[in-house]
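1. 3D, please:
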Amino acid sequence: MPTVENANLTLRTVDDQVNVIVDFDVRFSAFERQLAALGMRYHSHVDLVGIDNGTDVGPTIVSFDHESFFPTLGTGDEVLSGHVHDKLDRSVLQEDPDSGNADELKAEIRIHSVDTPVEFTDIVFSDQEVLLG
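-> Residues are numbered from 1 along each chain as shown. Alright, predicted model coming up:
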């Protein structure tokens, strides 16, 4: 399966709106590139989740639309860039219920390919971003 690398979450707050941006790279091996040439399709699953205590993953807050990847036939690895974004009300990202409690967020990224023995890659987390409560 492809691998996710360089995952980065960016949060930009303007008034009561937060621009959520997730950038990442997907590395395809020569074998996966050959499979794509034979019709295999790959797409991303990116979810925004709350993180408490630095390691406790909370429920999904937001799921982004899938982004499709089309590696080309060739030798060696091919790296394709992924980018998903959305503008959300700040209240949507309130994962800690206490007023004034900061919200710690990460993007959870997986690559999916239907009809393979392992349909999803391992989960890769972005860096952590904090929205002040």
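2. secondary structure class for Val92?
-> helix (DSSP: H, G, I helix; E, B strand; the rest coil).
3. That one against Ile61, yeah?
-> Yes: the pair formed by Val92 and Ile61 meets the contact definition of CB atoms under 8 Å, at 7.0 Å. All C-beta atoms are positioned from the backbone trio N, CA, C, and that covers glycine.
4. If you count surrounding residues, which of the two has more?
-> Per other CB atoms under 10 Å, whichever of Val92 and Ile61 has more neighbours is Ile61, with 17 against 13.
5. On the pLDDT front, check the more buried one for me.
-> pLDDT recorded at Ile61 is 93.
6. which SS state does it fall under?
-> The three-state label given to Ile61 by three-state DSSP is strand.
7. what's the helix or strand of the chain with the lowest mean pLDDT packed up against?
-> One helix or strand of the chain scores below all others by mean pLDDT, DSSP states H and E: strand 129-131, with a mean of 83. For strand 129-131, the contact count by 3 or more CB pairs under 8 Å, 6 or more residues apart in numbering; DSSP states H and E identifies strand 3-14, strand 103-112 as packing neighbours.
8. For stretch 19-37, buried residues please.
-> Of the residues in stretch 19-37, Val20, Ile21, Val22, Asp23, Phe24, Val26, Arg27, Phe28, Glu32, Arg33, Leu35, Ala36 count as buried by neighbour count, 16 or more other CB atoms under 10 Å.
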